[in-house]
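> Predicted coordinates and the sequence they were generated for:
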Amino acid sequence: MIALIDTIFAPLLGWLLNIRTMISELSVPLSRPINVSDYFGPFALLGPYWITFITTGAFLGFVYIVTFLIVSSNGMVIKFKDTIKWW
């Protein structure tokens, strides 16, 4: 009886063991930071302080735009909430 059960479930157990080995062998590649000098190459002639100033300004501009989009969508959330009448 045990041999019959083993022959029935052997393909399923083999498949599950194959999935387990594939999951245990997964690896995540190392992250590589963005090389800013590729994008701001012409500003390299100005010096390192100007590059820092320009990259900081670009980053703060991005943060400002994301914050503005989140705050401006607040009215949309309130309208959706009033439409559904959850509260």
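Received, thanks.
> for the chain, longest helix please?
Longest helix of the chain, by residue count under DSSP state H: helix 48-72.
> For it, list every residue counted as buried.
Using 16 or more other Cβ atoms under 10 Å as the test for burial, helix 48-72 gives Ile51. For glycine as for every other residue, the C-beta is placed from the backbone atoms N, C-alpha and C.
> quick one: the helix or strand that it is followed by to chain centroid distance?
Next along the chain after helix 48-72, taking DSSP states H and E as the criterion, comes helix 74-84. Distance, stretch centre to chain centre, for helix 74-84: 28 Å (Cα atoms, centre = their mean, to the nearest Å).
> ends of stretch 23-39, how far apart?
End-to-end distance for stretch 23-39: 37 Å, by Cα to Cα, to the nearest Å.
> for this protein, which spans come out with low pLDDT?
Per-residue confidence for the chain (pLDDT under 70) gives these ranges: 36-37, 40, 86-87.
> before we move on, back to that, show me how far the longest helix of the chain is from its chain's centre.
So, by Cα atoms, centre = their mean, the centroid of helix 48-72 is 20 Å from its chain's centroid.
> Packing partners of that helix?
Counting contacts by 3 or more Cβ pairs under 8 Å, 6 or more residues apart in numbering; DSSP states H and E, helix 48-72 packs against helix 36-39.
> Let's verify Ile23: helix, strand, or coil?
Following DSSP: H, G, I helix; E, B strand; the rest coil, the label given to Ile23 is helix.
> Just give me the neighbour total for it.
If you count neighbours by other Cβ atoms under 10 Å, Ile23 ends up with 8.
> do the same with Tyr39
By other Cβ under 10 Å, 11 other residues sit near Tyr39.
> go on, Lys79?
Around Lys79 sit 10 other residues, with neighbours defined as other Cβ under 10 Å.
> and if you look at Asn74?
9.
> I'd like to know how far it sits from Val66.
14 Å (Cβ to Cβ, to the nearest Å).
> try Ser72
11 Å.
> what secondary structure does the residue most central in space within the chain sit in?
Central residue of the chain (Cα atoms, centre = their mean): Ser31, 11.9 Å from the mean position. Here Ser31 is coil, with the state taken from three-state DSSP.
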